[in-house]
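J.: Next input, structure requested:
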Amino acid sequence: MNPTSPLIHVVDDDDGVRAALALLIGSVGLRVTGWPHPQAFVDGFDREAIGAIVLDVRMPGLSGLAVIDLLREQGADQPVIVLTGHGTVELCRRAFKSGAAEFLEKPVDDERLLDAIQQAVRAHVQLRRREAAGREARERHARLSAREREVLALVVEGLTNKEIGRALDLSPRTVETHRAHLIEKLEVPTLAQMIRRYAALVDEDAGRRDP
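T.: Residues are numbered from 1 along each chain as shown. Presented below is the predicted three-dimensional model:
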């Protein structure tokens, strides 16, 4: 199995349940690893990997909800699917408030669990892609000169080349040159994509300059 494919963590102190869940999850081609001890999981799992966590609520040492809280405090972003054999409305509310992606009662329906896991993995892939795109955008934005950032800010506002030239005391040809450099450095093929990807960074840049 591809070691870079999504990895599902099953955290449950019941050996039989953990083995059964691992067999079920593996049947749809997902990698899975089991953890009998919640603290060992918190200390040892790979936070960089794409995947999801299937987590029992009632375990010795750390409860499932305490595990979720620790993961969030430590910056882990993998979606968590909570399983419990003693579901209550209050427990469900607390789980979602802690950031659980799904809350399922044991004995869990196989198809429902697999659907929840696959949805969680898709959501995690999308999250990581957005984060990667954001990092790339920040890196490209950081390559701009001070003048290019000024031009970009006015482009995002919707000003024409002539209006930008008047605002910055530049000729329209110089403005056009700067815009060409922006497209090259920011690696965007169209004006619309430039505005969509960099409007938020322009606002952040302006906020840092404000006294």
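J.: For the helix ranked longest in the chain, give the mean pLDDT please.
T.: Taking DSSP state H as the criterion, the chain has its longest helix at helix 110-142. Mean pLDDT, helix 110-142: 93.
J.: Could you quantify the relative orientation of the helix or strand following that helix and helix 110-142 as an angle?
T.: Going down the chain from helix 110-142, the next helix or strand is helix 146-157, by DSSP states H and E. Taking axes from the mean of the first three to the mean of the last three Cα atoms, to 10 degrees, helix 146-157 and helix 110-142 form an angle of 130 degrees between their directions.
J.: Give me the residues contacting helix 146-157.
T.: Applying Cβ atoms under 8 Å, 6 or more residues apart in numbering, the contact partners of helix 146-157 are 141, 144, 163-164, 167-168, 175, 178-179, 181-182, 185-186, 191, 194-195, 198-199, 202, 205-206. Where C-beta positions appear, they are placed from N, C-alpha and C, glycine not excepted.
J.: Over to stretch 59-69?
T.: Here stretch 59-69 makes contact (Cβ under 8 Å, 6+ apart) with 11-13, 37-39, 41-42, 55-58, 70, 80, 82-84, 94-95, 98-100.
J.: likewise stretch 192-210?
T.: Here stretch 192-210 has contacts from 133, 137-138, 141, 149, 152-153, 155-156, 182-183, 186, 188, using Cβ under 8 Å, 6+ apart.
J.: what does stretch 97-104 give?
T.: Residues from elsewhere that reach stretch 97-104 (Cβ under 8 Å, 6+ apart): 52, 65, 68-69, 72, 79-84, 87, 91-92, 95-96, 112-113, 116, 119-120, 123.
J.: got the domain boundaries for the protein?
T.: Following automatic domain parsing, the chain resolves into domains at 7-135, 143-206.
J.: Any of the contacts of helix 146-157 buried? List them.
T.: Buried members of the contacts of helix 146-157, scored by 16 or more other Cβ atoms under 10 Å, are 141, 144, 164, 175, 178-179, 181-182, 185-186, 194-195, 198, 202, 205.
J.: Distance from the chain centre to stretch 26-33, please.
T.: For stretch 26-33, the separation from the chain centroid amounts to 22 Å (computed by Cα atoms, centre = their mean, to the nearest Å).
J.: Report the buried residues of the longest helix of the chain.
T.: Those would be 113, 114, 116, 117, 118, 120, 121, 124, 137, 140, 141, for helix 110-142 by 16+ other Cβ under 10 Å.
J.: Now do the first one against residue 132, distance only.
T.: I take that to be residue 113. Separation of residue 113 from residue 132 (Cβ to Cβ, to the nearest Å) stands at 29 Å.
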